[in-house]
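Q: From the sequence below, what's the structure:
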Amino acid sequence: MKWLLTCVYCIGFAASQSQQPVHFNITQQQGLPSNTVYNIFLDSKGFLWVATENGLARFNGLHFKTYTNNMVRSNAVSGLFEDKAGRIWLHNFFGEILYVENDTLKKLTSWEDYYTEGFPTMSAQGENILITAPNSFYSYSPTHKAWTNLIESIPLSERPMQFNHHLINHQNQVLISYANQEATYIRNLTTQEVYTLPRQYYPLNINVIRLVEWNKQLWLFDPVGKKLFHLLKGQVQDILPTYKEKLIDAGLLDTVGDSLLTFAGSNGLTLLNNKGTWTKLLEGKKVSSVEADREGGIWVGTLNEGLFHFPNLTTYLFTKEEATTYLKLALDKKNEFIYAGRSDGGIQKLRYDGTSVTTSFTKNNKEIQSLYVDTLSNRLLFFSDKLYCYDITNEKLIKERSITAVKKIERVNNGYALATSAGLQLLDAKTLETKQVLTAQRTSSVAYDLHRNELWIGSQKGVLLYSFNTETLRSWSYHESPHLAKICFTGNLYERTITSERRKSGKAIYITQWSSFLAHHLTESD
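A: Take a look at the predicted model:
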């Protein structure tokens, strides 16, 4: 998904200037078929599918590809999901079932023999597709082109007057909701466990109720009646009082990724994380669908303003005034803290929820130029007027060293690589003694290749490569600009990202394909 997000930013969408987290609005101007979005879905390959009033589109981060079929009676579509074979399924507002196979939008014509009225709702169950409509319940095998009527699988005493158009996969099991004159039922088709909600106690709107799995719990939401329940071990628990305020404008209850629950509707969306923190987004906008990406951001579909993308929701946790003082950030994944280096020389320790933790790190009134958390040794290294090494557990100073301005710190082998204004130095993790590798050349960034035991160095004269195995240094000359500012790995050994900063224009170049970058911009020198 990273390539998709990178392309999004290259398009140049305008980011919001409000107090909301940084986000981008994608509309018909960028190729969206319609600004009325009913449903969005991120598939297993990382593509974003968008169901709109004017048809289906797939977004690759840069362009939209629209899908059409001359056999359909309506282009307005919704209900996106993916089956085991990678097909994308959906339906239109005339009740026709469609699917994308071999990059072509096809119509499930045999559904016409079984369809009566209403919107179909579908869910994958193994190799098959489960389909409900108000008066029908079927299983369809795409492999064998065979239909099975599943109404007989429901006990006669519960035989429904009407199916709710909703299916859900809960703990890899399929649940279905339906109702008769006596009660509303939620049945697990795998275990046959059933939740019974008598109408005299639970007068639910069967047409709109929604089932959601979150935090390993099953939730039941009635957006019309503003009712909310937990379904657990056959018992029904009313939890409306806890969430009543959030349900005022909500017409949709859904999960976003693994950790967020969203209440969405005519007044934006409200997110709840599993630690109990609430976040309000897109207030005043009509939200129809929410989807999480693989990079920690979310996509939001609206009924009249297209798509919104929030690449990183954590930006919401800190105010603009606080952020202006943060120059460097370092993540402690092991203990789930963020260390923020300030312009006044202080270092603030933050929790993932945005709250600050009191620290006893020394303030030197010199801005933090580099910051690094070593989770292997439980250390924090940073440079302001000197290089400081602290024990994270006890927040005590281990050692300080007078070194020329350190711009980047990276863990390598049994120590650290320090990119400084006077060259590259290696710092032994045990003794904290230094060894000079490169002199008389300004360096600003380093990236360590663990697989090859090599260190890439960004310097004023180009890219340098140091081999720890042979203790030799090779250089690459960069034709377009001698000022190399950043160098980093994307996670794949053969995909590296190099950023070259043009001093005169102030603009930056981002190259993500290492092989083509070498062919066009770099030459090896002795």
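Q: list the buried ones in stretch 180-191?
A: Applying a neighbour-count criterion of 16 or more other CB atoms under 10 Å, one finds 180, 183-189 buried in stretch 180-191. For glycine as for every other residue, the C-beta is placed from the backbone atoms N, C-alpha and C.
Q: let me redo that: stretch 274-293
A: Buried-residue list, stretch 274-293, by 16+ other CB under 10 Å: 279, 281-282, 285-293.
Q: quick one: which two of those are the most distant?
A: 286 and 293 (21.7 Å; CB to CB).
Q: In space, what's closest to residue 411 - neighbours in sequence excluded?
A: Of all residues not flanking residue 411 in the chain, residue 374 sits nearest, at 5.7 Å (CB to CB, 6 or more residues apart in numbering).
Q: what about that neighbour, how many residues close to it?
A: Using other CB atoms under 10 Å, residue 374 has 19 other residues around it.
Q: Over to the one 5 residues further on?
A: When neighbours are counted by other CB under 10 Å, residue 379 registers 19.
Q: what residue ranges in the stretch 201-350 of the chain score low on pLDDT?
A: 258, 313-326 (pLDDT under 70).
Q: Could I get the full set of helices for it?
A: Counting by DSSP state H, counting those that start in this stretch, the stretch 201-350 of the chain has helices at residues 240-243, 320-323.
Q: Give the residue spans of the chain that score low on pLDDT.
A: 1-20, 164-172, 258, 313-326, 352-355, 358-360, 362-363, 476-526.
Q: residue boundaries of the helices in it?
A: Using DSSP state H, the helices of the chain run over 2-11, 240-243, 320-323, 514-521.
Q: for the second one, packing partners?
A: In this structure, helix 240-243 makes packing contacts with strand 227-232, judged by 3 or more CB pairs under 8 Å, 6 or more residues apart in numbering; DSSP states H and E.
Q: Show residues contacting the strand it packs on.
A: 186, 195, 197, 202, 204, 217-222, 236-240, 243, 247, 253 (CB atoms under 8 Å, 6 or more residues apart in numbering).
Q: Each with direction, which strands does that strand pair with?
A: Here strand 227-232 has these sheet partners by DSSP bridges: strand 217-222 (antiparallel), strand 235-238 (antiparallel).
Q: quick one: which of those strands is nearest residue 32?
A: Of all those, strand 217-222 comes closest under CB to CB, at 28.4 Å.
Q: In the closest one, which of the residues would be classed as buried?
A: For strand 217-222, by 16+ other CB under 10 Å, it's 218-222.
Q: need the buried residues of stretch 274-293 in a markdown table with distance to residue 175, can you?
A: Formatted as a markdown table, the buried residues of stretch 274-293 follow (distance: CB to CB, whole Å):
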| residue | distance to residue 175 |
| --- | --- |
| 279 | 28 |
| 281 | 29 |
| 282 | 30 |
| 285 | 31 |
| 286 | 28 |
| 287 | 25 |
| 288 | 23 |
| 289 | 21 |
| 290 | 21 |
| 291 | 21 |
| 292 | 22 |
| 293 | 26 |
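Q: Which residue ranges of the stretch 201-350 of the chain form strands?
A: 210-214, 217-222, 227-232, 235-238, 250-256, 260-265, 268-273, 278-281, 287-292, 298-302, 307-310, 326-332, 337-342, 347-351 (DSSP state E, counting those that start in this stretch).
Q: Reformat the ones you listed as CSV; add distance to residue 126.
A: Converted to CSV, the strands of the stretch 201-350 of the chain look like this (distance: least, CB to CB, whole Å):
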stretch, distance to residue 126
strand 210-214, 18
strand 217-222, 21
strand 227-232, 23
strand 235-238, 29
strand 250-256, 22
strand 260-265, 27
strand 268-273, 32
strand 278-281, 36
strand 287-292, 24
strand 298-302, 28
strand 307-310, 32
strand 326-332, 40
strand 337-342, 42
strand 347-351, 42
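Q: Out of these, which gets nearest to residue 418?
A: strand 326-332 (14.4 Å).
Q: what angle sits between the closest one and strand 337-342?
A: Interaxial angle, strand 326-332 versus strand 337-342 (axes from the mean of the first three to the mean of the last three CA atoms, to 10 degrees): 160 degrees.
Q: tilt between strand 326-332 and strand 347-351?
A: Going by the same axes, to 10 degrees, strand 326-332 makes 50 degrees with strand 347-351.
Q: buried ones in stretch 196-203?
A: 197, 202.
Q: For the residue nearest to residue 406 when sequence neighbours are not counted, give its distance to residue 272.
A: Excluding the flanking residues, the one nearest residue 406 by CB to CB, 6+ apart is residue 383, at 3.8 Å. Per CB to CB, to the nearest Å, residue 383 is found 40 Å from residue 272.
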